[in-house]
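Peer 1: Coordinates only, no sequence provided:
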């Protein structure tokens, strides 16, 4: 499977889309609660709340999170890692949480039939998007045809009434009036320069009071810029046509838009009886507006509108408490994702990854780091004694240390300093006995937390993680069963190019060591528990040799000339295990800061 396979693209895109829809749905639910609280208040407040819920579909939280990260790095401050984890889990329920190492990644395996259907999903979305847009275009053509056949008027009964209503409604720019011979309802057309399309045959059916009532409704649509808001929601419906909630939001927007205009017409001094009669007369004559972004007079549920218009009940203005509620809701909608970005990017969170799961950094009784004295042709050596917490490395680079500490391979480390792959160090470190005892109680941690603490303390390492999709392997048991010797406890693991010798190592830690040699994440799917002793020998192939060189290791010349088994063959023949290729979303470590220990360089 290649990196650009349908399942890989789906694994990358689907969680992002699902999270965006989930977050937008949460905002819509919150908007519904607010409108319910404000049901006895003016409709314009509820309209703007629903419009904000619609706009959320066009503004991913990731943009605000990115803003928070930018602000965080401009003004760094410490952040509690636990708080970030909680917020991240709530905000992104469809994305796996950040993992300390590749060995703990759980892959998503799609069935073959589902995988074959994945390429059709983008095509299906595009077909739906085009269908919605074409539907809007067809309706727009009907409006354009009516407008093209209409003629602009500058005098007459209608234009005189329109100018009087404009002054009353506070609209300064005169609205162009086009008389049409069609039977479309009166409506405001256009956004930048709105014009009123008026069926000339309806004027004789309306007396002056009815005429001014209808014109007042249209003028208020212009003052409120309802066409612009409706056009924005049409874009939301076109992009998210498959999501029923956006269509439901569209209906709520039309309902509250018309009710808001009704209320404002009555506030201008319009008579309720006359205004209701004028709407009914328009309905008797017209066919209705073909587009929601052409603001007419007959939109929404007509029966409910009539009841609302004729009901002389008192509508409350927003008091101080409710204004505070709306302001708080709007502030939180922006502040929460920005805060997530701050928590994601701050050095405090990055440094917290260097501690053990219990939150306390290991204490070393002794640490010695110096430039390596090994000869140039000698490959690096490393030994971890999990009985007494000793860590010994000869000729090792910072890049290799990070790979071991965070259970990642070379492709998962970015931003390394210039000397990260070239400067080699000799390290001797030993943990405090009390920390070693605690470590033995948490075997799953192995020695990675200790190395993270060493890197943070000695190299001043600060990192943060980002998710990318990379080629990976599944480590599984071969057809002949495992060829491993089970032992009690975790003992010494000796590593050199072309060999891994263990006196007692868990399989998931062994998978990490394999991933460091192949340059890919390896997921332990053997189901084997406990620790095992084994001796694995192989000849690095050219790709593995290149990866070892890129990681700062020296490959012995004899390895390039040997004809022994490859790592894949040796793994199956000597240990009874197999590596199966696939792709996997994994965490990539980005180095934000690193220093040479004690000014060695």
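Peer 2: Looks like it arrived, so ask away. Keep in mind that what you see is a predicted model, and the values were worked out from it rather than measured. Residues are numbered from 1 along each chain as shown.
Peer 1: host element of residue 276?
Peer 2: When secondary structure is defined using DSSP states H and E, the element that contains residue 276 is helix 272-285.
Peer 1: outside of that helix, which residues touch it?
Peer 2: Helix 272-285 has contacts (CB atoms under 8 Å, 6 or more residues apart in numbering) with 183, 185-186, 199, 201-202, 205-206, 209-211, 213-214, 262, 265-266, 297-298, 302, 305-306, 309-310, 312. C-beta coordinates here come from the backbone N, C-alpha and C atoms, glycine included.
Peer 1: Show the pLDDT at residue 555.
Peer 2: On the pLDDT scale, residue 555 is placed at 51.
Peer 1: quick revisit: tell me which helix or strand comes right after the helix holding residue 276.
Peer 2: Moving toward the C-terminus from helix 272-285, the first helix or strand encountered (DSSP H and E) is helix 302-310.
Peer 1: Show me what counts as buried in that following helix.
Peer 2: Within helix 302-310, the residues that qualify as buried are 305-306, 308-309, counting by 16 or more other CB atoms under 10 Å.
Peer 1: about what we covered before: the contacts of helix 272-285 in strands, which ones?
Peer 2: When these are checked against strands (DSSP state E), the matches are residue 199.
Peer 1: the inter-axis angle of the helix holding residue 276 versus helix 302-310?
Peer 2: An angle of 160 degrees separates the directions of helix 272-285 and helix 302-310 when computed by axes from the mean of the first three to the mean of the last three CA atoms, to 10 degrees.
Peer 1: List the buried residues in helix 272-285.
Peer 2: Result for helix 272-285 [16+ other CB under 10 Å]: buried residues 275-279, 281-282, 285.
Peer 1: What of stretch 250-258?
Peer 2: Using 16+ other CB under 10 Å as the test for burial, stretch 250-258 gives 250, 252-258.
Peer 1: Show me the shaky parts of the stretch 251-400 of the chain.
Peer 2: Per-residue confidence for the stretch 251-400 of the chain (pLDDT under 70) gives these ranges: 287-301, 312-319, 322-323, 325-326, 329-330, 332-364, 374-380, 382-389.
Peer 1: ok, now with 50
Peer 2: Judged by pLDDT under 50, the stretch 251-400 of the chain has its weakly predicted residues at 346-362.
Peer 1: again, but for the chain
Peer 2: Under the criterion of pLDDT under 50, the regions of the chain flagged as low confidence span 1-5, 75-90, 95-112, 346-362, 442-447, 551-552, 554, 558-560.
Peer 1: That one - how does it break down into domains?
Peer 2: Annotated domains of the chain cover 15-108+319-345, 124-243+256-300, 360-599 [automatic domain parsing].
Peer 1: separation between residue 451 and residue 512?
Peer 2: 12 Å (CB to CB, to the nearest Å).
Peer 1: Those two: who's more crowded?
Peer 2: Set residue 451 next to residue 512 and count neighbours by other CB atoms under 10 Å: residue 512 wins out with 26 against 23.
Peer 1: State the three-state secondary structure for the more buried one.
Peer 2: Local secondary structure at residue 512 is given as helix here, using DSSP: H, G, I helix; E, B strand; the rest coil.
Peer 1: now do residue 585
Peer 2: Taken by three-state DSSP, the conformation at residue 585 corresponds to strand.
Peer 1: looking at the sheet around it, what are its partners?
Peer 2: Residue 585 has these beta-bridge partners by DSSP bridges: residue 469.
Peer 1: Near it, how many other residues are there?
Peer 2: The number of residues packed around residue 585, counting by other CB under 10 Å, is 19.
Peer 1: shouldn't it be in contact with residue 467?
Peer 2: Yes - look at residue 585 against residue 467 with CB atoms under 8 Å: they come within range, at 5.6 Å.
Peer 1: what ranges do the strands span in the stretch 101-250 of the chain?
Peer 2: With DSSP state E, counting those that start in this stretch, the ranges of strands along the stretch 101-250 of the chain come out as 151-153, 176-180, 187-189, 195-199.
Peer 1: Repeat that for the stretch 401-550 of the chain.
Peer 2: Counting by DSSP E, counting those that start in this stretch, one finds strands in the stretch 401-550 of the chain at the ranges 413-414, 425-431, 462-477, 485-487, 492-496, 499-506, 522-524, 531-537.
Peer 1: hmm, who's touching the first one?
Peer 2: So the one you mean is strand 413-414. 399, 402-403, 588-591.
Peer 1: Recalculate using a threshold of 6 Å.
Peer 2: Counting contacts by CB atoms under 6 Å, 6 or more residues apart in numbering, the residues outside strand 413-414 that touch it are 402, 589-590.
Peer 1: now the longest one
Peer 2: Strand 462-477 is contacted from outside by 8, 12, 98, 347, 350-351, 411, 511, 520-526, 578-593, using CB under 6 Å, 6+ apart.
Peer 1: Give me the buried subset of those residues.
Peer 2: For the contacts of strand 462-477, a burial check counting by 16+ other CB under 10 Å picks out 8, 347, 350-351, 411, 511, 520-526, 578-579, 582-592.
Peer 1: Name the nearest residue to residue 129, ignoring sequence neighbours.
Peer 2: In space, residue 129 comes closest to residue 238 once its chain neighbours are excluded; the distance is 5.8 Å by CB to CB, 6 or more residues apart in numbering.
Peer 1: Just give me the neighbour total for the one you found.
Peer 2: Here the number of neighbours of residue 238 (other CB under 10 Å) works out to 17.
Peer 1: Now for it: which residues touch it?
Peer 2: Shown here is residue 238, whose contacts under the criterion CB under 6 Å, 6+ apart are 129, 132-133.
Peer 1: What is the neighbour count of residue 370?
Peer 2: Neighbours of residue 370 (other CB under 10 Å): 12.
Peer 1: Could you pull up the contacting residues of it?
Peer 2: Residue 370 is in contact with residue 426, counting by CB under 6 Å, 6+ apart.
Peer 1: So which residues of the stretch 351-500 of the chain form helices?
Peer 2: 398-406, 433-441, 448-458 (DSSP state H, counting those that start in this stretch).
Peer 1: Wait, residue 432 touches residue 365, no?
Peer 2: Yes - in terms of CB atoms under 6 Å, residue 432 counts as a neighbour of residue 365; the distance is 5.2 Å.
Peer 1: Give me the more crowded residue out of these two.
Peer 2: Here residue 432 and residue 365 are compared on neighbour count by other CB under 10 Å; more neighbours surround residue 432, at 14 against 11.
Peer 1: Near the nearest residue to residue 369 once chain neighbours are set aside, how many other residues are there?
Peer 2: Once flanking residues are discounted, residue 369 sits nearest to residue 597: 4.6 Å by CB to CB, 6+ apart. Other residues near residue 597 come to 21 when the count uses other CB under 10 Å.
Peer 1: Verify the contact between residue 597 and residue 457 for me.
Peer 2: No - at 8.9 Å, residue 597 and residue 457 do not qualify as touching, with contact defined as CB under 6 Å.
Peer 1: Residue 56 is nearest to which of the strands of the stretch 101-250 of the chain?
Peer 2: Residue 56 lies closest to strand 187-189 among those, at 26.1 Å (CB to CB).
Peer 1: Could you list every helix and strand that the closest one packs against?
Peer 2: In terms of contact count using 3 or more CB pairs under 6 Å, 6 or more residues apart in numbering; DSSP states H and E, strand 187-189 is assigned the packing partners strand 195-199, helix 208-224.
Peer 1: Give me the buried positions along stretch 186-200.
Peer 2: Of all the residues in stretch 186-200, those buried under the rule 16+ other CB under 10 Å are 186-190, 194-200.
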